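Chemist: Here is my input; please provide its structure:
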Amino acid sequence: MFARYGCSDTSCREWLIRMSKWVGGSDEPTSLWRSAPFRRFWFGNAVSSFGDQITALALPFIAVTELHATPFQAGVLTASLWAPNLLALFIGTWVDAFGRQRALLVVANVAQAAALTVVPVAFITGALTMPLLYGSALMLGLGGVLFDSAYPSFFVRLVRKDQYVSANSALSTTIGVASVGGPAVAGGLVQVLGAPFALVADAVSFVVSAVAVASARVGQASTEVSRPESYRQRLTLGVAYLSHHPILRASLLASATMNLAALAIQALLVLYATRPLGLGAAEIGIALGIGAAGGLLGAVTAVPLANRIGSGTAITLGVLLNALPFLALPIADAAHLDGFLALCVAEVVSSWAIMQFDVNNNSLRAVVTQDDMRGRVSGAYSTVNYGIRPIGAFAAGTAASVLGAGAVIGVAACVGTIAVLWLIRSPIPQVRHVADL
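Modeler: Next up is the predicted model:
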């Protein structure tokens, strides 16, 4: 399949095997990269990850520069993107019964491509407004919820249980690479083409991902259950399973607190970098790209670090350091320090920490979740974990209108740090190796 993208299948496979050995430190990933379905999914994920970096910068930049959004409107825009996650529980329960996860992943990607295409069309026709931007963000978020709900059942059929950590590390490494190069490319595209037209590149990336997922054929999840269950019963069982599972419950509470803080920061980041710190689109893109090197380093080191200190300890460390670095931004403004440097440092440390959490936490959840519960548990998890994001974004926008963006970012950084308290009394810090559970 790689021949059509500029290199031979053999040469690309050899490069991927070398990369995965470097990431994982063992020969086990070799068989992972011999899987054609995984390679195809990985390729689509890689292209889409680069595209995501464009939208992450272009969408709020359109609001701030083209439509002159207020801090409140910037918060509402970010909240709109994550509000569909409030439906994740219901969508995830339906996904479990539907069963054809690969088809749902394709539909989700196509819907996201359509949501982004609307923006440049509206700009050309003079119809671009904040409400339209909110609607585009809502549709983009809805596609994301559908994708995330169908993904867990697809993932456990894409790779073997003993490959979960290596596969998550490989996918996270790719996201890390995209996070390094993507923002700089995004900043350049926004600067040259204008933010509305830069979104076309991400729309195309979703189409590429849809084609890649469609070609990654795996066995389908069984929709049979031991006894007939109504939709309401499936939904209730999913919530009960998640709330009573000591590992999943602690993981969710920590992750949700992190997301509350992260979206409060994200909602104000472009506005704060543009105005108080005085950075332009290209500078913000470059700063985020440099900072994202921490994410790449985190993905690369996640497996060896977990092998050395234990997966549970790596998760705990990731939570502890996820938001604290963003205190550097208001400090830089108050002390008249280099805002560009402060943004780079905050992003490097935070991105590294988040990868320690994500790689190990995603693998831990995949192992401990019962197979016929994956969709509804993922939905319930996402409803809280991502559903809290619009609350964080909306609250940040509202509070910033009164207190100022710098103060809100500082408070959010502290809130994200205390998320570690949810893990202290849980079994997670004691987990040594995920595959042994």
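Chemist: Show me the strands in the stretch 151-300 of the chain, by range?
Modeler: With DSSP state E, counting those that start in this stretch as the criterion, the stretch 151-300 of the chain has no strands.
Chemist: quick one: contacts for the closest residue to T55 other than its chain neighbours?
Modeler: On the basis of Cβ to Cβ, 6 or more residues apart in numbering, the spatially nearest residue to T55 that is not a chain neighbour turns out to be D202, at 4.6 Å. For every residue, glycine as well, the C-beta is placed using N, CA and C. With contact set as Cβ atoms under 8 Å, 6 or more residues apart in numbering, D202 has these partners: 51-52, 54-55, 58, 116.
Chemist: Quick check: of the residues you listed, which has the highest neighbour count?
Modeler: A58 (29 neighbours; other Cβ atoms under 10 Å).
Chemist: Next one: that one from V76, what distance?
Modeler: Distance of A58 to V76, computed by Cβ to Cβ, to the nearest Å: 17 Å.
Chemist: Pick out whichever of the contacts of D202 sits closest to T313.
Modeler: D52 (29.5 Å; Cβ to Cβ).
Chemist: pLDDT weak spots in this structure?
Modeler: 1-30, 99, 180, 219-231 (pLDDT under 70).
Chemist: Identify, from the contacts of D202, the entry nearest to G188.
Modeler: For the contacts of D202, the nearest to G188 is I54 (10.1 Å; Cβ to Cβ).
Chemist: which residue ranges form the helices in the stretch 1-150 of the chain?
Modeler: 9-24, 29-33, 36-61, 71-82, 88-98, 101-125, 130-158 (DSSP state H, counting those that start in this stretch).
Chemist: and among those helices, the most buried is which?
Modeler: helix 71-82 (a mean of 24; mean count of other Cβ atoms under 10 Å).
Chemist: And it, what does it pack against?
Modeler: Applying 3 or more Cβ pairs under 8 Å, 6 or more residues apart in numbering; DSSP states H and E, we find helix 71-82 packed against helix 36-61, helix 130-158, helix 246-274, helix 388-403.
Chemist: any residues touching that helix, and which ones?
Modeler: By Cβ under 8 Å, 6+ apart, helix 71-82 touches 59-60, 63-64, 67, 69, 130, 133-135, 137-138, 140-141, 263, 266-268, 270-271, 386-387, 389-391, 393-398, 400-401, 405.
Chemist: Report the buried members of those.
Modeler: Buried members of those, scored by 16 or more other Cβ atoms under 10 Å, are 59-60, 63-64, 69, 130, 133-135, 137-138, 140-141, 263, 266-268, 270-271, 386-387, 389-391, 393-397, 400, 405.
Chemist: circling back to that earlier point, can you put the helices of the stretch 1-150 of the chain in CSV and add distance to L288?
Modeler: Output for these, formatted as CSV (distance: least, Cβ to Cβ, whole Å):
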stretch, distance to L288
helix 9-24, 23
helix 29-33, 29
helix 36-61, 7
helix 71-82, 16
helix 88-98, 27
helix 101-125, 19
helix 130-158, 19
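Chemist: which other residues reach the helix or strand harbouring L423?
Modeler: Assigned by DSSP states H and E, L423 falls within helix 421-424. Contact partners of helix 421-424, identified using Cβ under 8 Å, 6+ apart, comprise 250, 253-254, 257, 315-316, 319, 429.
Chemist: which residues touch L277?
Modeler: Contacts of L277 (Cβ under 8 Å, 6+ apart): 329, 332-333, 339-340, 342-343.
Chemist: if we go to 10 Å?
Modeler: Listed by Cβ atoms under 10 Å, 6 or more residues apart in numbering, the contact set of L277 reads 269, 283-284, 287, 329-330, 332-333, 337-340, 342-343, 406.
Chemist: List phi and psi for L128.
Modeler: Here is the backbone geometry of L128 (degrees, to the nearest 10): phi -70, psi 120.
Chemist: So what's the residue count around it?
Modeler: Using other Cβ under 10 Å, L128 has 19 other residues around it.
Chemist: ditto for L260
Modeler: 22.
Chemist: My guess is it contacts A413. True?
Modeler: No - at 11.8 Å, L260 does not count as touching A413 under the criterion of Cβ atoms under 10 Å.
Chemist: Touching both of the two, which residues are there?
Modeler: With Cβ under 10 Å, 6+ apart as the test, L260 and A413 both reach A323.
Chemist: I'd like to know how many residues surround P246.
Modeler: Neighbour tally, P246, other Cβ under 10 Å: 12.
Chemist: from what I can see it touches V368, true?
Modeler: Yes - between P246 and V368 there is a contact under Cβ under 10 Å: 9.5 Å.
Chemist: In contact with S351, which residues are there?
Modeler: Contacts of S351 (Cβ under 10 Å, 6+ apart): 175-176, 179-180, 288, 291-299, 322, 325.
Chemist: nearest spatial neighbour of it, skipping sequence neighbours?
Modeler: G295 (3.4 Å).
Chemist: for the one you found, what are its contacts?
Modeler: Per Cβ under 10 Å, 6+ apart, neighbours of G295: 172-173, 175-180, 347-348, 350-355, 358.
Chemist: A281 too?
Modeler: 57-58, 61, 64-65, 186-191, 195, 198, 270, 273-274.
Chemist: The residue lying closest to it once chain neighbours are set aside: neighbouring residues, count only.
Modeler: Nearest non-adjacent residue to A281, counting by Cβ to Cβ, 6+ apart: V190, 4.7 Å away. For V190, the neighbour count with other Cβ under 10 Å is 25.
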